[in-house]
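> I would like the atomic coordinates for the input below:
(one chain, ligands or ions: 1)
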Amino acid sequence: MAERADFSARWIAKRAAKAALAGALTAAGLHHAVRLLRRRQAGGSRVLILSYHRVTPDFLAAARESLPSLLVSTGTLRRQLLLVARRNEVVSLATARRILAEPAGNGARGDVVAVTLDDGYAEVAEHALPILASLKIPATVFVPTGYVGTERRLPHDRLHAVLSELRRRGVPYERAGIAPPLQALLTACAETGPATTLDRLIARLPHDRLVALAEALEARLGASERDLPKGTRLMTWDDVRALDAAGIDVGGHTVGHAVLSNLPLREARRELAGCRDDLAEHLGKAPRHFAYPNGYYTPAVQREVGAAGFEAAVTIEDEENRRGQPPYGLKRKVLWENSTLGPVSWSGVVATCNVDGVFSALGLMRPVPGVRPDPLPEPPASVAPAPRPEAGSDPGPDPGPGPGATPERQAAS
Ligand SMILES: [Zn+2]
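Residues are numbered from 1 along each chain as shown. Below is the predicted model:
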């Protein structure tokens, strides 16, 4: 993942080629043609939903010690939002949903954009809220409630930190020095770098195994989640209430940031009800929207999201939202610092081609579906449950790259 914040000659040259292509395409007006095509696909005005994670004053400093693909600098966030606001109406997620429910062919309205931020990082309250307020941009923030007001950190941040440290020490992931059952899981998912390895771990392991692996590797390295960079801290409940008071829509993102497609359905149900009840208790109202951690979902999970009372749910599938589509699989475009980066700094033409979907239309960015098959039916309560797979057993078939594993983004959540 180092290359994602890389200013080596090789990556500068790659980005220069991309920016040159974007410049030629926009000069030829191709972005206008793609917008028209996408509007036709959408069945009316285009409804683009953006997804962000961490917001930091200093991208390069933060990227040295965290997952770069989760980061956007305050300066770039402002520029990205100004760019979309210049050419689209920025609306709330609830309004975006209402537009999607309108009949196809209603082209009277212009294109709209909704802004969302996942994971409830304290940085969002500290750095994003003032930008959103100054630009009068509505937004939805998705919060994994079990971490709010604690010193605990999200599993992807913990695992990225220990995988990076192993690499820094020259320790192969296949010989990380942890107990054999967990080592077998890590070995089965080991890739060349921390971000790609993390992608596979998140895609394949149940939540409790992910956390156990993070704990084992931290113990092996003498590290603690509490030592992770300050920017990985989550909000307090006072922060969440302040967002709500400022008009930010606060949505659910499970309790433990658990990937629901990797859980038995009854545990997924608990995660959904738990985050709904936590938010209702602290904000005095039930959340309306939900974001699938890491973008993975199954048809049964979608039904459970509805049964838990959420009105809609968002994925991280970078595809066009269409009129009349079911509300529990809304598509989003993930943006981060490098989404709009030219050779060495901000590029307006790269930003335009990315946001308008030109790179996707040309096949330079590949949307990866977040949907996963439903698990086997659970046995009735009267039947003794089958023993859990032993840690260390084969984690199952590789479901392939997840929504995070696009050329633009890896190991995000
Ligand atoms: Zn997340």
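> where do the strands sit along the stretch 201-350 of the chain?
Remark: strands of the stretch 201-350 of the chain, listed N- to C-terminal, are 249-252, 289-291, 312-314, 333-334; assignment by DSSP state E, counting those that start in this stretch.
> just send the ones you listed back as JSON lines, with distance to the ion, mean neighbour count and mean pLDDT too.
Quick note: C-beta positions are derived from backbone N, CA and C, even for glycine. Formatted as JSON lines, the entries for those read as follows, by distance: least, CB to the ion, whole Å; neighbours: other CB atoms under 10 Å; pLDDT from 0 to 100:
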{"stretch": "strand 249-252", "distance to the ion": "11", "mean neighbour count": "25", "mean pLDDT": "98"}
{"stretch": "strand 289-291", "distance to the ion": "7", "mean neighbour count": "27", "mean pLDDT": "98"}
{"stretch": "strand 312-314", "distance to the ion": "11", "mean neighbour count": "26", "mean pLDDT": "98"}
{"stretch": "strand 333-334", "distance to the ion": "11", "mean neighbour count": "24", "mean pLDDT": "96"}
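> list just the one of the ones you listed that sits closest to residue 280.
For residue 280, the closest of the strands of the stretch 201-350 of the chain is strand 249-252, at 9.9 Å, according to CB to CB.
> residues making contact with that closest one?
Contacts made with strand 249-252 from outside it, assessed by CB atoms under 8 Å, 6 or more residues apart in numbering, are listed as 92-94, 116, 138-143, 145, 240, 243-244, 272, 275-276, 279, 283, 287-291, 310.
> recalculate using a threshold of 6 Å.
Residues outside strand 249-252 that contact it (CB atoms under 6 Å, 6 or more residues apart in numbering) are 140-142, 243-244, 275-276, 287, 289-290.
> what's the closest of the strands of the stretch 201-350 of the chain to residue 177?
Among the strands of the stretch 201-350 of the chain, strand 333-334 comes nearest to residue 177, with 34.1 Å by CB to CB.
> each with direction, which strands does the closest one pair with?
Partners of strand 333-334 in the sheet, by DSSP bridges, are strand 47-52 (parallel).
> residues in contact with the partner strand?
Everything outside strand 47-52 that qualifies as a contact, by CB under 6 Å, 6+ apart, is 72, 96, 99-100, 112-117, 316, 321, 330, 332-335.
> repeat for stretch 27-43
With contact meaning CB under 6 Å, 6+ apart, stretch 27-43 is reached by 46, 104, 320, 322-323, 352, 356-358, 361.
> confidence-wise, which of the residues you listed comes last?
When these are compared on pLDDT, residue 104 comes out lowest, with 79.
> for that residue, helix, strand, or coil?
Reduced to three states with DSSP: H, G, I helix; E, B strand; the rest coil, the structure at residue 104 is coil.
> ok, now how distant is it from residue 265?
33 Å (CB to CB, to the nearest Å).
> can you give me the helices in the stretch 201-350 of the chain?
Under the criterion DSSP state H, counting those that start in this stretch, helices of the stretch 201-350 of the chain are mapped to 207-221, 237-245, 265-283, 299-307, 348-355.
> so the third one, near the ion or not?
No. With CB under 5 Å from the ion as the threshold, helix 265-283 lies outside contact range of the ion, at a closest distance of 11.7 Å.
> pLDDT on stretch 58-74, on average?
Averaged across stretch 58-74, pLDDT comes to 95.
> now find how far off-centre it is within its chain.
Taking CA atoms, centre = their mean, to the nearest Å, the mean C-alpha location of stretch 58-74 is offset from the chain mean by 15 Å.
> same check on stretch 318-330?
Here the centre of mass of C-alpha atoms in stretch 318-330, compared against the chain's by CA atoms, centre = their mean, lies 17 Å away.
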